[in-house]
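Peer 1: heads up, no residue letters with this:
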């Protein structure tokens, strides 16, 4: 009994030390991310991406969808589906545009990832995020090259121009009534509150659990039991727990990884490679549970499924290649 109490005390002390450093910047980061949205600061980036669509021989209709993807992936996909059904774009352009649109969604992940990654993993988290951006960039570059080869390139239809003007109007109008900083902070805090509560609850619970498991030697036992399975993957057996946590969500995975990194169970390289390989493994479940149903609802069952398979498959290939590069050169 005394030993168990001692374990709980040490685990609480370890988790409290980690949480005291990680939770404040998490909360601040989530609020700042919402503040950027309130001031529409991110929207200026969208118009800089137009050369990408021109290089890919995408029409202005697809270009309007690309701009919308910086704000809402679902809205961007709905625009593409409407253009396709109206005959404004063909199937090849639909696929190229949809795959290219995944890059804006990837770049916007910083709002959710960085406030969690950096406090929990520090420089290792920043490296991992940079590699995720590299994967998205490589995937997009390959699709852009394919678009340049496969698509003839043509001017956009009148409907696409009208959609583009409507988009510009939506972006410009909120800037006329920007709230003062104090009010904007209150709005940002209210918007971020549900995310903050969820992140705090999940991070606190998982961090304490990881600390307990480390204290009782659970990861050493896991290493022994999974030695055979671990031989099939180019990562330490302790990394299996990170992959298992990735099935629950990125906050759980980063929290587990942060605990193992802080305890010295895994190196920064091990954490990055494990997260990338786990990303590939868990992507299938994510695609089946979320992506295919949403894409099928927008594009129809056949095209929606084909798009998800192409996008997920290409991303996983790039993710695996980058992970192998990290293993070879880090």
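Peer 2: Now that the structure is in, tell me what you want to look at. Because the structure is predicted, anything quoted here is derived from the model rather than measured. Residues are numbered from 1 along each chain as shown.
Peer 1: Give me the pLDDT value at residue 227.
Peer 2: We have a pLDDT of 47 for residue 227.
Peer 1: And residue 95, by the same measure?
Peer 2: Looking at residue 95, the pLDDT reads 94.
Peer 1: where does residue 71 land in three-state SS?
Peer 2: coil (DSSP: H, G, I helix; E, B strand; the rest coil).
Peer 1: Renumber starting at 23 from here on
Peer 2: Understood, numbering begins at 23; the last thing we discussed is residue 93.
Peer 1: And the pLDDT for it?
Peer 2: pLDDT at residue 93 comes out at 72.
Peer 1: Ok, residue 347 next?
Peer 2: Residue 347 is given a pLDDT of 94.
Peer 1: Can you tell me the element it falls in?
Peer 2: helix 323-351 (DSSP states H and E).
Peer 1: who are the neighbours of that helix, in terms of helices and strands?
Peer 2: helix 113-129, helix 145-172, helix 290-308, helix 314-321 (3 or more C-beta pairs under 8 Å, 6 or more residues apart in numbering; DSSP states H and E). The C-beta positions use only the backbone N, C-alpha and C, and glycine is treated the same way.
Peer 1: The last one - what's its average pLDDT?
Peer 2: The reference is to helix 314-321. 78.
Peer 1: so what's residue 29 up against?
Peer 2: Applying C-beta atoms under 8 Å, 6 or more residues apart in numbering, we find residue 29 in contact with 234, 237, 238.
Peer 1: One more: residue 142?
Peer 2: 40, 44, 225, 276, 277, 279, 280.
Peer 1: same check, this time on residue 207
Peer 2: By C-beta under 8 Å, 6+ apart, the neighbours of residue 207 are 53, 57.
Peer 1: of the contacts of residue 29, buried ones?
Peer 2: Buried subset of the contacts of residue 29 (neighbour count, 16 or more other C-beta atoms under 10 Å): 234, 237.
Peer 1: Off-centre distance for the helix holding residue 347?
Peer 2: 14 Å (C-alpha atoms, centre = their mean, to the nearest Å).
Peer 1: residues of that helix that come out buried?
Peer 2: Buried-residue list, helix 323-351, by 16+ other C-beta under 10 Å: 325-330, 333-334, 336-338, 340-341, 344-345, 348-349.
Peer 1: before we move on, the earlier item: quick one: which of the contacts of residue 142 is nearest to residue 140?
Peer 2: Using C-beta to C-beta, the shortest approach to residue 140 within the contacts of residue 142 belongs to residue 44, at 8.8 Å.
Peer 1: my guess is the closest one meets residue 276, correct?
Peer 2: No - shown here, residue 44 and residue 276 do not form a contact pair, counting by C-beta atoms under 8 Å, at 9.7 Å.
Peer 1: what about those two, which has more around it?
Peer 2: residue 276 (28 against 24; other C-beta atoms under 10 Å).
Peer 1: measure the closest residue to that one other than its chain neighbours to residue 121 for me?
Peer 2: Closest residue to residue 276 apart from its sequence neighbours, by C-beta to C-beta, 6 or more residues apart in numbering: residue 142 at 4.9 Å. As judged by C-beta to C-beta, to the nearest Å, residue 142 and residue 121 stand 31 Å apart.
Peer 1: do residue 112 as well
Peer 2: 15 Å.
Peer 1: For the contacts of residue 142, give me CSV that also has distance to residue 208 and pLDDT.
Peer 2: Formatted as CSV, these follow (distance: C-beta to C-beta, whole Å; pLDDT from 0 to 100):
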residue, distance to residue 208, pLDDT
40, 30, 71
44, 25, 70
225, 24, 72
276, 28, 89
277, 29, 88
279, 34, 91
280, 31, 89
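Peer 1: Out of the residues you listed, which sit inside helices?
Peer 2: 40, 44, 225, 276, 277, 279, 280 (DSSP state H).
Peer 1: so which of those residues would you say is closest to residue 34?
Peer 2: Nearest to residue 34 among the ones in helices among the contacts of residue 142, with distances taken as C-beta to C-beta, is residue 40, at 11.0 Å.
Peer 1: Check the residue most central in space within the chain and give its pLDDT.
Peer 2: Central residue of the chain (C-alpha atoms, centre = their mean): residue 131, 4.5 Å from the mean position. You'll see residue 131 listed with a pLDDT of 70.
Peer 1: is it true that it touches residue 154?
Peer 2: Yes - using C-beta under 8 Å, residue 131 is in contact with residue 154, at 7.3 Å.
Peer 1: What about residue 80, how many residues nearby?
Peer 2: Neighbours around residue 80, by other C-beta under 10 Å: 27.
Peer 1: Tell me the secondary structure at it.
Peer 2: Note that with three-state DSSP, the state of residue 80 is coil.
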